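A.B. asks: Pasting a predicted model and its sequence here:
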Amino acid sequence: MAPLIDTLRLTAEEASRLLERRELSAAELRAAYLEAIAERDGELRCFLRTVEEAEGEGVPIALKDVISTKGVETTAGSRILAGYVPVFDATVAARVKAAGLPLLGKTNTDEFAMGSSTENSAFGPTRNPWDPTRVPGGSGGGSAAAVTAGLAPWALGSDTGGSIKQPSALCGNVGLRPTYGSVSRYGVVAFASSLDQIGPVAKTVRDAALLYSLIAGRDPRDSTTAELPEPVRLPEGDSLAGIRIGVPTELNEAEGIEAGVREAVRRALELAAELGAEVEECSLPRSARYGLPCYYLIAPAEASSNLARYDGVRYGLRAEGESYQEVVDRTRDEGFGDEPKRRIMLGTYALSAGYYEAYYGQAQRVRTIIIAEHREALERFDVLACPTSPTVAFPLGERAADPLAMYASDLLTIPSCLAGLPGLSIPCGLSQGLPVGLQLVGPQFGENLLFRVGHALEQALGFDTVPARWREAGR
Amino acid sequence: MTWEPVIGLEIHVQLKTETKMFCRCPTGFGAGENTQTCPVCLGFPGALPVANRVAIEWTILLGLALRCEIAERAVFSRKNYFYPDLPKGYQISQYDQPLCTNGKMILPTAEGDRVIEIVRAHLEEDAAKTVHVGGRTGRIGGADYSLVDYNRGGTPLVEIVTAPDLRSAEEAKRFLQLLRQTVVELGISDAEMEKGTLRVDANVSVRPAGSDELRTRTEIKNLNSFTFVARGIAAEVERQIGVWESGGEVQQETYDFDAATGRLTPRRAKEEADDYRYFPEPDLVPVEPPAELIERLRARLPELPAARIRRLEADLDLERATVLVTGGLDRLWEETVAAGADRLAAANVIANNLVGAGVDPAAVPPAELARLVEARERIPRSAFDEALARLAEPGFSADPYLAQESVADTAALEPIVLRVLEANPAQVEAYRNGKEGLLGFFVGQVMRETQGRADPRVVNDLVRAKLAG
């Protein structure tokens, strides 16, 4: 008889305390999650695969399937990598392993992390635990849904334009996209190198901070990483006295933001003011207007190059052909789904001779402007706040055939990603019975500040992360 | 009409760093196929490059030797194309912000210094080695299958691009020899064309002498020795002149030089894309070499070959000075002369006899060599040759060779000379009818008869006298 562990409610911090007090063994804890997976993942499909045996005496973890795990198949949600078993651990995988966190399994993702609903996975979509007819967001829908559904106490995701923050918002949990350069990308299947960041998904801000502290810091294998300027502090306290919160008008009143979402965020900001924060409107006009087009030039351009290595020569899928060119063409045709193909074409075009200056070059200049605009705003404010996603979780299939509607899901997360800034999404209420995420953006390496603000609000909001339909069963 | 060749070179120098450009795999030759590889140089998903600091410093050192401006901020870029020797689908190279630009190399010539502009020198990673099996061409098109050895993949390469400043095949060859010697003396590469650690492509066009137009150029690849560089360029210059003179027009094309036939064959189908879609490599940070590092490297620069040619020229002549310096022989020459040898004689012995004997000049004791040079006309030729061949052996002494005397006694040599002349009546006849070049033939025969002990000058006089008589 397995011990009574309510994985729907248990936080990583509480689980860790149970292990420390030896009220529970790591094996029992992990078994409880595997049992929850057996029970609920048939419906949700958060995991692409679970791991039978795993080392570590700590709180178990799930990793998004873009993170290389030595000896464990890593597909990035793509047919082209089906059967690919890495011979090395990504730095983040090695770091959580070194911290004693046993692996539960690899979670579903849009193919190569390209998407906002996890419907682009070659292995089928993941469903939202709050409403299985709806998407969990994406690309990290597997990790986000797994944490909400109690299939993993915490997980790692990757975020290029919102792939951690947006699914966390849609699944009602906490997701952090760290400052670009604070977490190593080594061994993480690359989508857009100048934007990709690895970060935690958890039930609480403190759990997210704890997991972030395990993975952050310079890695000699990733030249773009830096040492953290200060150690990670687990947030405490409920006061926001002295905190200046900027509310960018354009990102709070953009067309397409649902009324229920706007209302939940407005109430959260009122609460912040009650906790002592100065809340004031501000403006990020160019970031809001040009963020999305800028992103959809830079990210596909880098992707078109990053995905060139999947040629069937050394690993993964290889289609047969009469010549080298034919093998490459067929492998890529059969191996890639529509979204990677779409972005490879977009990116190839944007980088082509004669178009480079007008597209990629121009996008880089716009990015510089977006960085500057954020820097100026963050000279006046400690954090910036807006909804994480313009909408709550949408029905499966609703946007699958309309790439532009899908791209608009990331309208609010993209600007700060382009600026390389950290963003924290916390659940701030419900709209139509579905979670709404509040996005807090901080200055470079301002994670501690985000944790402090996020934690205080989280305490005051008292959001119940357990999906309504499971609350009776969970208790 | 007289035509003037216009030649520019693209030179790839493989650096001899211990580890690769973007990972820490060893670079050595001779290991089993695909044993010097890792996730980075195999382009595994998620693997990231980390730039080799030594390779960057060596490139700056070379840039300084070529009097380049060193960039305050250099950027690595991705050059995108598909080929099985390129595991990532792109090569990390440098594009619009290379490490070294605007340099020049002085090429001493009889007409004074020629200044060859160096457009740029940048750092990149080498591709893997491919072998295409089956098919007729040895190329990937039509091959039955291809094998890839990734050991070489990721080795640091410096690409040096000259302006089209070279004006003859011979000049291009001399430039290349001087550049090679510079690289070797900096200690950054073995730069051996035969082994592919020095590779050269030539861009060639011709124009009416005196004009400053630039006509359509062609590119010649596969020039893998200094001789082939000169021959390949000369052949292309001749071909282009023929095209223009027959009223045709030179087309922009790439040719392979076939050393066996001396012919240029145009590359058939394009194997690579035209548009490399360069963009800054987002996985690496820009290289910003501190001024202090550049000064430290500048202080390490030795006296460069071009300067030494000019210095030696004062004591010898341009040709001998060039041969000694580009052969890495000038230090030995200087020490041998300092030990008492005649300048010219020492130069000839070192540049001809010693190199011919395959002796490592660095292992030669200059004092012993000086004694041999001084005694070269007194001792038997055979003794001299043997001494040279053994000069680099540990503990070598010239004493036993210097103790031998050559046969200079006319009385002893005369019968041998007569015997040789009698045995070759046809040659004697030819000589007497004006073919005086045959003198060396008779001298050689006599030297052979005496097992090299005869004094060649005496034999020379004797043969000449007998033939005249």
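C.D. replies: Received it, and whenever you're ready, just let me know what you need. Remember, predicted model here, so these are calculated numbers, not experimental data.
A.B. asks: what's whichever residue of chain A sits closest to chain B in contact with, if anything?
C.D. replies: Evaluated by Cβ to the nearest Cβ, chain A has residue A:308 as its residue closest to chain B, separated by 2.4 Å. Heads up, the C-betas are built off the backbone N, CA and C, glycines and all. Contacts for residue A:308 (Cβ atoms under 8 Å, 6 or more residues apart in numbering or on different chains) come out as B:80, B:82, B:88-90.
A.B. asks: By pLDDT, rank the residues you listed and give me the bottom one.
C.D. replies: Lowest-confidence member of the contacts of residue A:308: residue B:82, scoring 92 (pLDDT).
A.B. asks: Surely that one is in contact with residue A:328?
C.D. replies: Yes: taking Cβ atoms under 8 Å as the definition, residue B:82 is a contact partner of residue A:328 at 5.8 Å.
A.B. asks: about what we covered before: export the contacts of residue A:308 to CSV and append columns for secondary structure.
C.D. replies: CSV is the format used below for the contacts of residue A:308 (DSSP: H, G, I helix; E, B strand; the rest coil):
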residue, secondary structure
B:80, strand
B:82, coil
B:88, coil
B:89, coil
B:90, strand
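A.B. asks: now these in JSON lines, with neighbour count?
C.D. replies: As requested, the contacts of residue A:308 are arranged in JSON lines below (neighbours: other Cβ atoms under 10 Å in any protein chain shown):
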{"residue": "B:80", "neighbour count": "21"}
{"residue": "B:82", "neighbour count": "19"}
{"residue": "B:88", "neighbour count": "25"}
{"residue": "B:89", "neighbour count": "21"}
{"residue": "B:90", "neighbour count": "24"}
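A.B. asks: and chain A, which of the residues you listed contact it?
C.D. replies: Near chain A, taking Cβ under 8 Å from any Cβ of the partner chain as the test, the members of the contacts of residue A:308 found are B:80, B:82, B:88-90.
A.B. asks: Tell me which two of these sit farthest apart.
C.D. replies: Largest separation among those by Cβ to Cβ: B:82 and B:88, giving 10.4 Å.
A.B. asks: can the host helix or strand of residue A:343 be found next to chain B?
C.D. replies: Assigned by DSSP states H and E, residue A:343 belongs to helix A:338-351. Yes: Helix A:338-351 lies within reach of chain B by Cβ under 8 Å from any Cβ, at A:348, A:351.
A.B. asks: Geometric centre of chain B: which residue is closest?
C.D. replies: Central residue of chain B (Cα atoms, centre = their mean): residue B:177, 4.4 Å from the mean position.
A.B. asks: ok, so of the ones next to chain A among the contacts of residue A:308, who is nearest residue B:430?
C.D. replies: Using Cβ to Cβ, the ones next to chain A among the contacts of residue A:308 come closest to residue B:430 at residue B:82, 64.7 Å.
A.B. asks: Next up, the contacts around the closest one.
C.D. replies: A:308, A:311, A:325, A:328, B:89, B:273.
A.B. asks: pLDDT score assigned to the third one?
C.D. replies: Turning to residue A:325, the model gives it a pLDDT of 91.
A.B. asks: Report the spatially closest residue to it, excluding sequence-adjacent ones.
C.D. replies: Leaving out its chain neighbours, the residue that sits closest to residue A:325 by Cβ to Cβ, 6 or more residues apart in numbering or on different chains is residue B:82, at 7.8 Å.
A.B. asks: May I see the contacts of residue B:82 arranged in a markdown table, with secondary structure as well?
C.D. replies: A markdown table is the format used below for the contacts of residue B:82 (three-state DSSP):
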| residue | secondary structure |
| --- | --- |
| A:308 | helix |
| A:311 | coil |
| A:325 | helix |
| A:328 | helix |
| B:89 | coil |
| B:273 | coil |
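A.B. asks: tell me the helices in the stretch 251-400 of chain B, going along the chain?
C.D. replies: Listed in chain order, the helices of the stretch 251-400 of chain B (DSSP state H, counting those that start in this stretch) span B:291-300, B:305-313, B:318-326, B:330-338, B:343-348, B:355-356, B:366-375, B:381-390, B:399-402.
A.B. asks: what does the fifth one contact?
C.D. replies: Helix B:343-348 is touched from outside by B:315-316, B:320, B:323-324, B:333, B:336-337, B:369-370, B:373-374, B:376, with contacts defined as Cβ under 8 Å, 6+ apart.
A.B. asks: hey, where'd the helices end up in the stretch 1-150 of chain B?
C.D. replies: B:53-65.
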